[in-house]
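Chemist: Any chance you can model this:
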Amino acid sequence: MLSKCANPACCEKFLRLHQGKIFHLSPTPEVEAATGGFAPALYERFWLCDRCSKQMTVVWGGTEATLVPLPKPAAQNPMSAGETEEKPKPKRRIATGGLQWR
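Modeler: As a prediction, the model looks like this:
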């Protein structure tokens with residue numbers, strides 16, 4: 001049962017599905033092979049509140065989850081004289097370990 005943010009330093013409570021991100025993480029193929037296939041105890045769900053989900057993500061090692069900081073956006077160089085402004089490129093998103101609900 002999800003009751004609070006997966007970040008131990010955060011005390012936000014899980015109240016609504018549209019707030020933050022839910023991660024459904026499954027075991028790695030190596031762990032599944034070692035356990036003989038389906039091991040329901042190894043499937044986990046974690047929730048990060050809005051604030052924490054903008055700063056970190058959840059990474060699953062097969063038997064335990066780890067919080068990993070998201071990469072910081074690279075600083076953009078100011079345009080030099082004579083350059084024209086280009087259309088902004090779409091932002092890429094980090095892959096989640098499973099289903100992501102918003």
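
Chemist: going forward, measure contacts and count neighbours with C-alpha atoms only.
Modeler: Fine.

Chemist: Against residue 34, how distant is the closest residue to residue 67 other than its chain neighbours?
Modeler: Nearest residue to residue 67 in three dimensions, chain neighbours excluded: residue 58, at 4.7 Å (C-alpha to C-alpha, 6 or more residues apart in numbering). In this view, residue 58 and residue 34 are 23 Å apart by C-alpha to C-alpha, to the nearest Å.

Chemist: If you count surrounding residues, which of the two has more?
Modeler: Taking other C-alpha atoms under 10 Å, residue 58 and residue 34 do not tie; residue 58 has more neighbours (24 against 8).

Chemist: Regarding the more buried one, what is its secondary structure?
Modeler: strand (DSSP: H, G, I helix; E, B strand; the rest coil).

Chemist: For the longest helix belonging to the chain, which helices and strands make contact with it?
Modeler: Ranked by residue count, the top helix of the chain under DSSP state H comes out as helix 29-35. Here helix 29-35 touches no other helix or strand, going by 3 or more C-alpha pairs under 8 Å, 6 or more residues apart in numbering; DSSP states H and E.
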